[in-house]
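*Asks:* Build me a model from this:
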Amino acid sequence: MKQNSFIYLRGLKHAAFTVFCVENGQKTYYDPQFNARVPYSSGQQVKRSILEKLNDVLGVQPSPTEFYFDVDKKGALKEGEVLSSCDPHYIDQLLGGWMRAVKDGKEKTVKRRSPLSISAMTPLHPLLAAFPKENISFDRSDKPNVHKVVVRDANGNRLTEEQISNLLAGNDRSLYRKWIQNNTRATGLFVYDIAIDLRRLFCVSTNQLEPEITTDMVEKLKEDGWKIITTSFGECLLMPKEQREQVIPAIADALIDWHITSNQARTFSLMETLAIAISDNANTLAAAIRAKLVEDGDSKAKPIVDENAGAKTFVTLPCASYVVTETESADALTKAKQELIDRMMAFDYENQM
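*Replies:* Numbers count the residues shown, from 1 in each chain. From the prediction side, this is the model:
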């Protein structure tokens, strides 16, 4: 009997007035059907958050990264490559994939596609998320005798108190207040989707015509107990069973309990998980956790968690605040993790063909 080679997961999260960790404010995209601009978190950010959680659960350090810089003929420092270690001994490398191509040509290019396909985290429906704006003030005007004000001219020279006073004459401006305008926040219901390719989850190809690892790494993995097997991708090296059984529960934890930590301390959100749907059929996920348009004057959308759509669905207690449900439970996420563990454990990694 043919094995199911994929596990599909959809998660539903609630975010409240937060900022997904980005440099220049909350990222958004435009939805043309509903004429709405909505917040999102990129798949790269979701992936990084999952891998960070995985390392935390296992209690291991992340894989090392090499940062290259180039000095041009004028002595200016320029950005170069950022290269992974390409070492499957590191679990974040094995699951995250890698690409290493050095410009000097002395090393062979190696690349591995991640066995995890991860979507961006987007609104469950464009009408079920928003990104409100606010103006923030940094106000210390209540104690002007404590705080110090420095004003510089165009050349960077400090102005005297008299010069500052002349500058402010007729100008209704307090120098003890700073205004930070148009700070956007994300709020609403969000979903993320993940596909796990079990055929490649713990396997690394030994093919040197399109290499994932170097010949030296092939020999090292063999010495460390990795087994040669044949898969639909050709000859591969498989992680030892005892290591797989240690890693699998950590993967289940990471795929469900990951979180985004905002880079702004004042915008923390629990980002609680409301529901998880798991299946070997991707189509059932879209039906299990979905939204439905409701015509009530203006268009509205209603979130739906459907346990009869063909996927195993796990509903947490907070979900009842946003979705009408009768099956929420305190141990929903624990059961979801066990479902993932059972499915990953059941796959016959040694005999895939």
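
*Asks:* Please compute how far the helix or strand harbouring residue 237 lies from its chain's middle.
*Replies:* Under the assignment given by DSSP states H and E, the secondary-structure element containing residue 237 is strand 234-238. The gap between the average C-alpha position of strand 234-238 and the chain average comes to 29 Å, counting by CA atoms, centre = their mean, to the nearest Å.

*Asks:* do the same with stretch 87-106
*Replies:* Stretch 87-106 sits 19 Å away from the centroid of its parent chain (CA atoms, centre = their mean).

*Asks:* got it, and stretch 192-201?
*Replies:* The gap between where stretch 192-201 is centred and where its chain is centred comes out at 15 Å by CA atoms, centre = their mean.

*Asks:* Please save the CA atoms from that stretch in CSV.
*Replies:* Taking only C-alpha atoms (Å, rounded to 0.1, in the frame of the first residue of the first chain), the coordinates of stretch 192-201 have been written out as CSV:
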residue,chain,number,x,y,z
TYR,A,192,-0.6,29.9,8.1
ASP,A,193,-0.1,26.7,6.0
ILE,A,194,2.7,24.1,6.1
ALA,A,195,3.4,21.0,4.0
ILE,A,196,5.8,18.4,5.3
ASP,A,197,7.5,16.2,2.7
LEU,A,198,8.2,13.1,4.7
ARG,A,199,10.3,11.6,2.0
ARG,A,200,12.9,14.3,2.4
LEU,A,201,12.4,15.2,6.1
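
*Asks:* Over it, what's the mean pLDDT, rounded is fine.
*Replies:* Mean pLDDT, stretch 192-201: 97.

*Asks:* which residues in the stretch 251-353 of the chain form helices?
*Replies:* For the stretch 251-353 of the chain, the helices identified by DSSP state H, counting those that start in this stretch occupy 282-288, 332-346, in order along the chain.

*Asks:* hmm, back to that, tell me which strands the strand holding residue 237 pairs with, and in which orientation.
*Replies:* Its sheet considered, strand 234-238 pairs with strand 203-205 (antiparallel), strand 227-231 (antiparallel) by DSSP bridges.

*Asks:* Can you lay out those as JSON lines showing mean neighbour count?
*Replies:* C-beta coordinates here come from the backbone N, C-alpha and C atoms, glycine included. Converted to JSON lines, those look like this (neighbours: other CB atoms under 10 Å):
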{"stretch": "strand 203-205", "mean neighbour count": "22"}
{"stretch": "strand 227-231", "mean neighbour count": "14"}
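
*Asks:* Cool, thanks, talk later.
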